[in-house]
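Need a 3D model of the following:
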Amino acid sequence: MLVVKILQTISLLVLATSPTDCIHELASNASIIQIFPTIKNAMSSSTNISIKSLTLLVREEKRPPVGVSPAANRDIGFASVFIRLENTKEEDAYLIIKSIQIQNVADGSIEMASKSPQPIHLSPLENSENAFHLANKTGYSGQDKVKAVILYELGDQVQVIESIPVEIKRH
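Residues are numbered from 1 along each chain as shown. Have a look, this model is predicted:
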């Protein structure tokens, strides 16, 4: 049915007497032709792993939770980094997160950082979202925004990706 409709459209276009007739006929039959746009990956390499998104959530909690007595040595600065990856190959792929740093946007100072590399294994054609949680006992210096800076190894290349700057939620 679809082939017949396309052939009818082509024959009508050939018989059209003016360019406006062609445009009208294409517009009236547009519902039968689907166009699938190609979307370029956010980050891509020869290994076909792409980083689809990088999200940062940060908060500072100087007051203890309700019902909990104050403790002198508790975590008060928190950061959660979410990274969405996609393996576009039909074979296993590997990525190593070398370090994650939370940096102050104004002066570039490091507010907190991960301590060890994190290997990530992606199965064939897998989409994966990984969460990394960081904390410190000092909170955040200053009132400025912060960003996540991730250093990762993909194949034989080391690359850096940054999140957009976000404001610190203070409680």
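
Quick check: beta-bridge partners of the residue nearest the centre of the chain?
In the chain, the residue lying closest to the centroid (Cα atoms, centre = their mean) is Ser53, at 0.3 Å. Taking DSSP bridges as the rule, Ser53 bridges to Arg84.

now do Gln157
Under DSSP bridges, the beta-bridge partners of Gln157 are Leu154.

and Val160, how far is that from Thr138?
Counting by Cβ to Cβ, to the nearest Å, the gap from Val160 to Thr138 is 25 Å. Every residue, glycine included, has its C-beta placed from N, CA and C.

same check, this time on Arg84
Counting by Cβ to Cβ, the separation of Arg84 from Thr138 is 30 Å.

of these two, who's got more company?
A direct count of neighbours by other Cβ atoms under 10 Å for Arg84 and Thr138 places Arg84 higher, at 15 against 11.

From Ala71, how far off is the more buried one?
From Arg84 over to Ala71 (counting by Cβ to Cβ), the distance is 35 Å.

Then Lys89?
Using Cβ to Cβ, Lys89 is found at 48 Å from Ala71.

Compare these two (neighbour count), which wins?
Lys89 (13 against 8).

For the protein, which segments are assigned as strands?
If you assign secondary structure with DSSP state E, the strands in the chain sit at 49-60, 77-87, 93-104, 110-113, 118-122, 127-136, 146-154, 157-162, 169-170.
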